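Enquirer: pasting the sequence and the predicted model now:
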There are 2 protein chains.
Amino acid sequence: MNFTKTTEYAFRILSYMAKDESHLYNANELYENLKIPFRYLRKQLTLLSKAGLLISEQGKNGGYKIAKDLTTISLLDIVHATGANISGNACFFGFSNCALAEKCAIHDKWASIYENVNNVLISTNLAEFRKITNHEVLITNNKFINFKKD
Amino acid sequence: MNFTKTTEYAFRILSYMAKDESHLYNANELYENLKIPFRYLRKQLTLLSKAGLLISEQGKNGGYKIAKDLTTISLLDIVHATGANISGNACFFGFSNCALAEKCAIHDKWASIYENVNNVLISTNLAEFRKITNHEVLITNNKFINFKKD
DNA sequence: TTAATATAATACCTAAAGGTATCATTTATG
DNA sequence: CATAAATGATACCTTTAGGTATTATATTAA
Ligand code: SF4
Ligand code: SF4
């Protein structure tokens, strides 16, 4: 249920960049709008580039843009790009092997939730975030407002 | 989706103890069956006692048993007892406040998953774990087998 | 060709979760 | 009472996610 902060940042970055897929966003611009700690943001941007979700252009006037057709990037792809994975253990208790003769009280309920999460993440792609207009107002309670940039 | 290890341990401990609610389990017995790192297990047991989920009896022949009627302890209660909480942020992106004019592409899907999780945790109580017969075979891949106890 | 401005690489620091060690306290029992 | 066997309290160590700092490299444009 709780993604890592890193994964959340990736969601924020990519859903924001989805607003204009051809625009080259630089780290400064993203920082101004997303308020992710600047240096960490930059680190994530290069990781997302290496992971193939972003294309980076170096040098003056450089920046990043989304690497592929928005419809081909699912939220699950983003999760995977950050090294996380949802699947891990389908067992509620965290066991990777269970030799119980009968399923315990929570097994089926939990499996169904897991199935649900997986479906949502797979079936939601970045193109669906194009329609967000005023994404910048999202950031209302962050504690990074006063972080110095560099 | 991923509880903390501490929360998972608490689930394991309590669902195991639910097999015989009147029996006084001591840390050794629980360790043998659950293979949670011994000293950490003991720490958790005292925390669960302080949280009111367990009753502890000190001294020789002491141990722990579940404090209340099994039907009155939900899985969500266990989550809360370990200091975690599921509710936190209902926002997929982790924002605690969102001022978007319209809901984004993931909002409703995610809210429904959250609702689902919450319902399952609230509606599943410890009494439902009484019927597990051979719970000990659960532990098939732990790395604590060789931990020395004390 | 040099300065400015962007990303890349790498190493290091910090905070929190997970885990360990030590000593104190409680209780049953000989 | 003395000892053994249990939990309680507290402090410390370790690992990892999150975050910071420094230096290198690429690109544009005066
Ligand atoms: S039956 Fe229970 S313990 Fe076994 S894998 Fe399913 S949820 Fe886990
Ligand atoms: S609309 Fe989107 S960004 Fe806003 S709270 Fe819902 S999930 Fe979060």
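Expert: Yes, it's here. Ligands and ions are numbered 1, 2, ... in the order given.

Enquirer: show me where chain A has helices.
Expert: A:5-17, A:27-34, A:38-50, A:75-81, A:107-123 (DSSP state H).

Enquirer: can you redo those helices as TSV with distance to B:Ala27 and mean neighbour count?
Expert: In short, each C-beta sits where N, CA and C put it, glycine included. TSV is the format used below for those (distance: least, CB to CB, whole Å; neighbours: other CB atoms under 10 Å in any protein chain shown):
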stretch	distance to B:Ala27	mean neighbour count
helix A:5-17	35	21
helix A:27-34	47	18
helix A:38-50	41	17
helix A:75-81	38	21
helix A:107-123	27	16
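
Enquirer: export these to JSON lines and tack on distance to DNA strand C and mean pLDDT?
Expert: Listed next are the helices of chain A as JSON lines, based on distance: least, CB to the nearest atom of the strand, whole Å; pLDDT from 0 to 100:
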{"stretch": "helix A:5-17", "distance to DNA strand C": "11", "mean pLDDT": "95"}
{"stretch": "helix A:27-34", "distance to DNA strand C": "4", "mean pLDDT": "94"}
{"stretch": "helix A:38-50", "distance to DNA strand C": "3", "mean pLDDT": "97"}
{"stretch": "helix A:75-81", "distance to DNA strand C": "14", "mean pLDDT": "96"}
{"stretch": "helix A:107-123", "distance to DNA strand C": "18", "mean pLDDT": "93"}
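
Enquirer: right, and those - which one's nearest ligand 2?
Expert: Among those, the nearest to ligand 2 by CB to the nearest ligand atom is helix A:5-17 (8.2 Å).

Enquirer: tell me the contacts of A:Ser49?
Expert: By CB atoms under 8 Å, 6 or more residues apart in numbering or on different chains, A:Ser49 lies in contact with A:55-56, A:64, A:67.

Enquirer: go on, A:Gly63?
Expert: Shown in contact with A:Gly63 (CB under 8 Å, 6+ apart): A:24-27, A:29, A:56-57.
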